[in-house]
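**Student:** no FASTA, just this:
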């Protein structure tokens, strides 16, 4: 018995269809803050008349003021020109949706407080060489503040404010103090664009 | 090795390490840390009890977002007992987003009112390893101190849950001109109709005759804020001679369709 064989002929057809193409862009609220850099200061070993304060001005200018505890200028330090100059931290907010209604936001230091302690930064283990006395962690302190608590928001939804402050170099400087320091924890700054009065 | 030799040797080690350390911190301030969100405000209601925003990673490295409760002020109504949120941590791939979800779980006997929470979103960028510094053996070591304080930006997100209340609205008053103000022509005073509730809506100023859009944005008055001003910036668009300016207000964001109310200067 012969098997049944079915043969189906296929016919090519031309069809037209459409595809949808989707794309979109959407606003984003972003905030960026650069670090507060007190700079690199050269100073000799020894005991000074008192602590020396390095201050980043409230204007945000990248200059530092040096005074001793009595407010007298102390010339026994020098700012290194080989590294980045001292600079205020700059916080930039973009993408606020309040538009050009002439409103201001609210900037606050939310955690970490206004003051902090400095610790050796990266490569700290190399600074704490074996057999050396511990670095006086509690001796290095700093305080920060905001250039304004109510930054204006532009028509484009942008606001800029600065983080300024001062740091204290203790009166007695030992060779073990040389090195790079950073805050014990990042200072957290927040910005809210809800309207106030 | 006596004490003097040991001290000299140790000091050399210290100063050598300073050479390697100072540039790292001194250059760190150039980068900065960023955090980005699709929005910083969520309004939940009885008929829409959940919402989502996106934690936005604009960088080409993975970013970990951390969310923590910030608390509310004494003049605001704390909703932390009925507003749930997640996650506390999220890792967003490079140039991608991660969702942040909130939902309201009101008990059956919850009194009518507006409840809120406020959380802070922080991004921790996974920094690349520090670049090795080119050393010069003939270079004098630095006997110095370098100090850098990292600044971590946080964006608060406010979440409202409105339970059994009408959508809050504001009353607007006609334009108050400020000819002595270099930046603004004037302002429309707005006052909340329900002082105890927040207002989240859209405001838009247009010139009535030419339909020119002057400005548009969100108006967010906290529970503790009773009134505010919607200002009109100076500019070519706002210097239309004998122009009639109208403030249009929607009681929601983003505003669509016909404004809820309109006030014009005549």
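**Tutor:** Good, I have the coordinates. In this text, all values refer to a predicted model and were calculated from it rather than measured experimentally.

**Student:** can you tell me how far whatever residue of chain B ends up closest to chain A sits from residue B:113?
**Tutor:** Using CB to the nearest CB, the closest approach of chain B to chain A is made by residue B:217 at 2.0 Å. C-betas here are computed from N, CA, C, even on glycine. According to CB to CB, to the nearest Å, residue B:217 and residue B:113 sit 27 Å apart.

**Student:** who's more crowded, these two?
**Tutor:** Shown here are residue B:217 and residue B:113; by other CB atoms under 10 Å in any protein chain shown, residue B:217 has more neighbours (24 against 14).

**Student:** And chain B, is the biggest strand by length in chain A touching that?
**Tutor:** Using DSSP state E, we find that the single longest strand of chain A is strand A:159-169. Yes. Applying CB under 8 Å from any CB of the partner chain, one finds strand A:159-169 in contact with chain B at A:163, A:165, A:167, A:169.

**Student:** What about those residues, which one has the most neighbours?
**Tutor:** Among the residues of strand A:159-169 next to chain B, residue A:167 has more neighbours than the rest - 28 neighbours, counting by other CB under 10 Å.

**Student:** ok, and the closest non-adjacent residue to that one?
**Tutor:** residue A:142 (4.0 Å; CB to CB, 6 or more residues apart in numbering or on different chains).

**Student:** beta partners for that neighbour?
**Tutor:** For residue A:142, the beta-bridge partners are residue A:116, residue A:167 (DSSP bridges).

**Student:** and it, what does it touch?
**Tutor:** A:38, A:115, A:116, A:118, A:165, A:166, A:167, A:168, A:183, B:147, B:149 (CB atoms under 8 Å, 6 or more residues apart in numbering or on different chains).

**Student:** cool, and residue B:227?
**Tutor:** Residue B:227 touches A:197, B:189, B:190, B:191, B:192, B:221, counting by CB under 8 Å, 6+ apart.

**Student:** Do you know the pLDDT at the fifth one?
**Tutor:** Put plainly, it is residue B:192. On pLDDT, residue B:192 comes in at 96.

**Student:** That one: neighbour count?
**Tutor:** 19.

**Student:** and it, what are its bridge partners?
**Tutor:** Under the criterion used (DSSP bridges), residue B:192 bridges to residue B:170.

**Student:** That one touches residue B:172, doesn't it?
**Tutor:** No. Residue B:192 lies out of contact with residue B:172 (CB atoms under 8 Å); the separation is 11.0 Å.

**Student:** Contact partners for residue B:95?
**Tutor:** Contacts of residue B:95 (CB under 8 Å, 6+ apart): B:57, B:58, B:59, B:60.

**Student:** Low-confidence stretches in chain A?
**Tutor:** Confidence mapping of chain A against pLDDT under 70 gives the ranges A:1-13, A:58-75, A:100-102, A:111-113, A:119-139, A:184-186, A:196-197.

**Student:** follow-up on the earlier one: distance-wise, check the residue nearest to residue A:167 relative to residue A:16.
**Tutor:** Counting by CB to CB, the gap from residue A:142 to residue A:16 is 71 Å.

**Student:** How about residue B:165?
**Tutor:** For residue B:165, the distance to residue A:16 - CB to CB - is 54 Å.

**Student:** Which residue ranges of chain A form strands?
**Tutor:** With DSSP E as the criterion, chain A has strands spanning A:29-33, A:36-42, A:46-47, A:52-56, A:64-67, A:78-79, A:89-94, A:106-111, A:115-120, A:141-146, A:159-169, A:172-173, A:179-183, A:187-192.

**Student:** Same list, the ones you listed, but as TSV with distance to residue B:84 please.
**Tutor:** TSV is the format used below for those (distance: least, CB to CB, whole Å):
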stretch	distance to residue B:84
strand A:29-33	23
strand A:36-42	37
strand A:46-47	58
strand A:52-56	42
strand A:64-67	48
strand A:78-79	52
strand A:89-94	28
strand A:106-111	22
strand A:115-120	34
strand A:141-146	33
strand A:159-169	31
strand A:172-173	54
strand A:179-183	34
strand A:187-192	22
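
**Student:** Of the ones you listed, which is nearest residue B:183?
**Tutor:** Of all these, strand A:159-169 sits nearest to residue B:183, with 14.8 Å by CB to CB.

**Student:** Packing partners of the closest one?
**Tutor:** strand A:36-42, strand A:52-56, strand A:89-94, strand A:141-146, strand A:187-192, strand B:144-149 (3 or more CB pairs under 8 Å, 6 or more residues apart in numbering or on different chains; DSSP states H and E).

**Student:** tilt between the fifth one and strand A:159-169?
**Tutor:** Angle between the axes of strand A:187-192 and strand A:159-169 is 160 degrees (criterion: axes from the mean of the first three to the mean of the last three CA atoms, to 10 degrees).

**Student:** Same question for the last one.
**Tutor:** Between the axis of strand B:144-149 and that of strand A:159-169 there is an angle of 140 degrees, by the same axes, to 10 degrees.

**Student:** tell me which residues form a beta bridge with residue A:187?
**Tutor:** residue B:151.

**Student:** And residue B:84, by the same measure?
**Tutor:** residue B:103.

**Student:** Could you verify my assumption that it touches residue B:117?
**Tutor:** No. In this structure, residue B:84 is not within contact of residue B:117 by CB under 8 Å, at 9.4 Å.

**Student:** more crowded one of the two?
**Tutor:** residue B:117 (24 against 15).

**Student:** Next one: the more buried one, what pLDDT does it get?
**Tutor:** Value for residue B:117, per-residue pLDDT: 97.

**Student:** Mind checking what secondary structure it has?
**Tutor:** strand (DSSP: H, G, I helix; E, B strand; the rest coil).

**Student:** Check whether it really touches residue B:83, as I assumed.
**Tutor:** Yes. Using CB under 8 Å, residue B:117 is in contact with residue B:83, at 4.9 Å.

**Student:** overlap in contacts of the two?
**Tutor:** Contacts common to residue B:117 and residue B:83, judged by CB under 8 Å, 6+ apart, are residue B:159.

**Student:** Next, work out how far apart residue B:205 and residue A:82 are.
**Tutor:** Taking CB to CB, one finds residue B:205 at 53 Å from residue A:82.

**Student:** I should have written residue B:224 there, sorry.
**Tutor:** 50 Å.

**Student:** Comparing those two, which shows the higher neighbour count?
**Tutor:** Legend: neighbour count by other CB under 10 Å for residue B:224 and residue A:82, higher for residue B:224 (16 against 12).

**Student:** so the residue nearest to that one when sequence neighbours are not counted, which of the three states?
**Tutor:** Of all residues not flanking residue B:224 in the chain, residue B:75 sits nearest, at 4.1 Å (CB to CB, 6+ apart). Recorded secondary structure, residue B:75: coil (three-state DSSP).

**Student:** what's next to the helix or strand where residue B:246 lies, contact-wise?
**Tutor:** Element membership for residue B:246, per DSSP states H and E: strand B:245-250. Contacts of strand B:245-250 from elsewhere in the structure, counted by CB under 8 Å, 6+ apart, are B:169-170, B:172, B:175, B:188, B:190, B:201-208, B:214, B:219, B:230, B:232, B:238, B:255-257, B:259-265.

**Student:** quick one: contacts for the nearest residue to residue B:107 once chain neighbours are set aside?
**Tutor:** Excluding the flanking residues, the one nearest residue B:107 by CB to CB, 6+ apart is residue B:82, at 7.0 Å. Neighbouring residues of residue B:82 by CB under 8 Å, 6+ apart: B:104, B:105, B:106, B:107, B:110, B:115, B:161.
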